[in-house]
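**Q** What follows is a predicted protein model with its sequence.
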Amino acid sequence: MQRVLLLFTLILMAAVSQTASAQQRPNFLVIQCDDLGYGDLECYGHPTIKTPHLNKLASEGVRFTSCYSASPVCSPSRAGLVTGQTPTQVGIYDWIPGGSPMHVKANETTVAKLLKEAGYQTGLFGKWHCNGMFNSPKQPQPNDLGFDYWFATQNNASPTHKNPNNFVRNGKKVGPTQDFSCQVVAGEAAHWLKEIKDDGKPFFALVTFHEPHEPIASPDDLVETYPDADKKGEALYYANVTNMDRAVGSLMQTLDTLNLADNTLVLFTSDNGPETLNRYGSAWRSHGSPGPLRGMKLHIYDGGIRVPGIARFPGKLEPGTESDVPVCSLDLLPTFCELAGAEIPADAKLDGTSLVGMLQGEPVERAKPLFWHYYRAYHDAKVAVRDGDWKLVALWDQGQVKPGAAYQKGDYALIQGAKFKAFELYNLTEDIGETKNVAAEHPEIASKLQKGLLDKYDEATKNAPDWFAEAR
């Protein structure tokens, strides 16, 4: 009997120890904005827009000055964050209209799946945009890709950010909501943290605001704080960013109230660069700024892909610091999995790298350069790689296709048969605006990066799906 009691006691102690260990694992809160430019925040140098809560977050953590999204357009960027892979590799070539055959396939490895398997609770709140047949059994939904709980829209908040009516919660339509989209999303995330999530498990929450993507709507009291913004739609845009900042503040307050802040890694970022003013009918409010960068949304130059990046991890990241180390949303999956002790499958084709070494002040070692591809980018620059200070841009030789027009029949052949007519090399440390092509001055560097770019392009496109062929 004593041996039985001893064995029971040891088993109980082991279970308690495992539970305590699980509770010590960090939580992860990722906040991703939509079309927020590199220069749109006060702490990134915007002269007018007020973002006090994000200023505070930056003062409590690290502000990254070389933080990149996975793509210069929304759906590929989001697919890259979720899978840790170059979006082309998983077949997300462009933004996904409703009804499109494009989607992140159910068999893809995702950060939510891996963390869930490791005992995390997972939640998605906001814009999904990783499938065309949203809330339909015809394509995988957020729960099929690892999210226990989801409150989302397929694409934009509709009809505007004010009182949107197109949210779906765990497969059921929500109907009209009361408030601006970022507050609705932040409120749902807070409700999940307070009332639904299992307190005995760590969590991963992906909060994806619709702001400041069109169609923009902003609170009157915030619009009135920008009386000097005299261009059409300018005050609406500035107020929209400030309203999003308010929502970030409410999320940080929720973490404080629940005593979760000290063990939560918070990352704030954007899906791509800022929208071009008047690119389409309702874009008259799009007054976003790329700061000193070249290009904007839909460009493969840095204005399309370099975005704000703020991380706070108390006790691990030095408060009030700045880092120019190139990091990317593709890095989140391997970083979170290493911190959580989650196993990554040996056959996972990840393009990101773990940033955990940064917590100990170690350099980030990448097995391959950062890589971007967007075949509908503005101008001829369609592919790029960055390795340290250097960025190589490839100009394709197949004629121009309409930027941002979405994936169409015939596009697969363009992607598979791409030919490149020239390569541009930039030293981003010396030339952040990509104004001087120095390929002729540094032929060895250009040649090395060119090989890496072409090799990765071949790898990314080799098994990428032809959606219209698969739909037949």
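**A** Great, that's in hand. Keep in mind that what you see is a predicted model, and the values were worked out from it rather than measured.
**Q** Tell me the buried residues in the one helix or strand Leu54 maps to?
**A** According to DSSP states H and E, Leu54 maps onto helix 52-59. Neighbour counts using 16 or more other CB atoms under 10 Å place His53, Leu54, Asn55, Lys56, Leu57, Ala58 of helix 52-59 among the buried residues. All C-beta spots, glycine's among them, are computed from the backbone N, C-alpha and C.
**Q** His46: what's it in contact with?
**A** Neighbour list for His46: Gly39, Asp40, Ser289, Gly291 [criterion: CB atoms under 8 Å, 6 or more residues apart in numbering].
**Q** center of this structure - which residue?
**A** Asp271 (4.6 Å; CA atoms, centre = their mean).
**Q** any idea how far that one is from Glu117?
**A** Asp271 is 26 Å from Glu117, where distance means CB to CB, to the nearest Å.
**Q** quick check, Ala152 in a helix?
**A** No: applying DSSP: H, G, I helix; E, B strand; the rest coil, one finds Ala152 to be strand, outside a helix.
**Q** burial of the residue lying closest to it once chain neighbours are set aside, as a residue count?
**A** Nearest non-adjacent residue to Ala152, counting by CB to CB, 6 or more residues apart in numbering: Trp128, 4.2 Å away. Trp128: 27 surrounding residues under other CB atoms under 10 Å.
**Q** Contacts only, for Trp128.
**A** Arg78, Phe134, Pro142, Trp150, Ala152, Thr153, Gln154, Thr208.
**Q** just the strands in the stretch 101-250 of the chain please.
**A** 121-127, 149-153, 168-169, 172-173, 203-208 (DSSP state E, counting those that start in this stretch).
**Q** And for the closest residue to Thr48 other than its chain neighbours, the neighbour number?
**A** The spatial neighbour of Thr48 that comes closest, neighbours along the chain excluded (CB to CB, 6+ apart), is Tyr238 at 6.0 Å. Counted with other CB under 10 Å, residues neighbouring Tyr238 total 25.
**Q** how close does Tyr238 sit to Ala118?
**A** 41 Å.
**Q** can you list the domains in the chain?
**A** Domains of the chain are assigned by automatic domain parsing as 24-360, 370-471.
**Q** List the residue ranges of this structure that fall below the pLDDT cut-off.
**A** 1-23, 471-472 (pLDDT under 70).
**Q** redo that, cut-off 90
**A** 1-24, 358-363, 367-368, 398-401, 404, 469-472 (pLDDT under 90).
**Q** how about the helices in the stretch 201-350 of the chain?
**A** Per DSSP state H, counting those that start in this stretch, the stretch 201-350 of the chain carries helices over the ranges 220-223, 234-257, 302-305, 332-340.
**Q** Out of the ones you listed, which gets nearest to Ser71?
**A** Comparing the helices of the stretch 201-350 of the chain by their distance to Ser71 (CB to CB), the top pick is helix 302-305, with 7.0 Å.
**Q** returning to that earlier point: deepest of the domains of the chain, which one?
**A** Among the domains of the chain, domain 24-360 has the highest mean neighbour count (mean count of other CB atoms under 10 Å), at a mean of 21.
**Q** Now the terminal residues of it, how far apart.
**A** 18 Å (CA to CA, to the nearest Å).
**Q** again, but for stretch 198-211
**A** 29 Å.
**Q** same check, this time on stretch 264-276
**A** Start-to-end, stretch 264-276 (CA to CA) is 35 Å.
**Q** how far out from the middle of the chain is it?
**A** Put simply, stretch 264-276 sits 6 Å off its chain's centre (CA atoms, centre = their mean, to the nearest Å).
**Q** And for stretch 145-159?
**A** Using CA atoms, centre = their mean, the offset of stretch 145-159 from its chain centre is 14 Å.
**Q** Now do it: distance from first to last residue.
**A** From its first residue to its last, stretch 145-159 covers 27 Å (CA to CA).
**Q** again with stretch 295-309
**A** 18 Å.
**Q** same question, stretch 268-282
**A** End-to-end distance of stretch 268-282 (CA to CA): 26 Å.
**Q** Quickly name whichever of the buried residues of helix 52-59 is closest to Gly146.
**A** Leu57 (26.2 Å).
**Q** Run a quick check on that closest one versus Met252, I expect a contact.
**A** Yes: with contact defined as CB atoms under 8 Å, Leu57 reaches Met252; the gap is 6.8 Å.
**Q** The residue nearest to the centre of the chain and Pro76: what is the separation?
**A** 9 Å.
**Q** Walking through the stretch 301-450 of the chain, point out its strands one by one.
**A** All strands of the stretch 301-450 of the chain, identified by DSSP E, counting those that start in this stretch, fall at 306-312, 321-323, 327-328, 370-373, 381-387, 390-396, 420-427.
**Q** in its sheet, what does the first one sit against?
**A** For strand 306-312, the paired strands and their directions (DSSP bridges) read strand 62-68 (antiparallel), strand 264-270 (antiparallel).
**Q** for the shortest one, same thing?
**A** Pairing partners of strand 327-328, with direction, according to DSSP bridges: strand 62-68 (parallel).
**Q** Extract the C-alpha trace of the strand it pairs with and format it as PDB.
**A** Below are the C-alpha coordinates for strand 62-68, written out as PDB (Å, rounded to 0.1, in the frame of the first residue of the first chain):
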ATOM      1  CA  VAL A  62      12.300  47.200 -28.900                       C
ATOM      2  CA  ARG A  63      11.500  49.300 -32.000                       C
ATOM      3  CA  PHE A  64      12.700  47.600 -35.100                       C
ATOM      4  CA  THR A  65      13.800  49.800 -38.000                       C
ATOM      5  CA  SER A  66      14.300  47.000 -40.400                       C
ATOM      6  CA  CYS A  67      11.100  45.000 -39.800                       C
ATOM      7  CA  TYR A  68       9.600  43.400 -42.900                       C
END
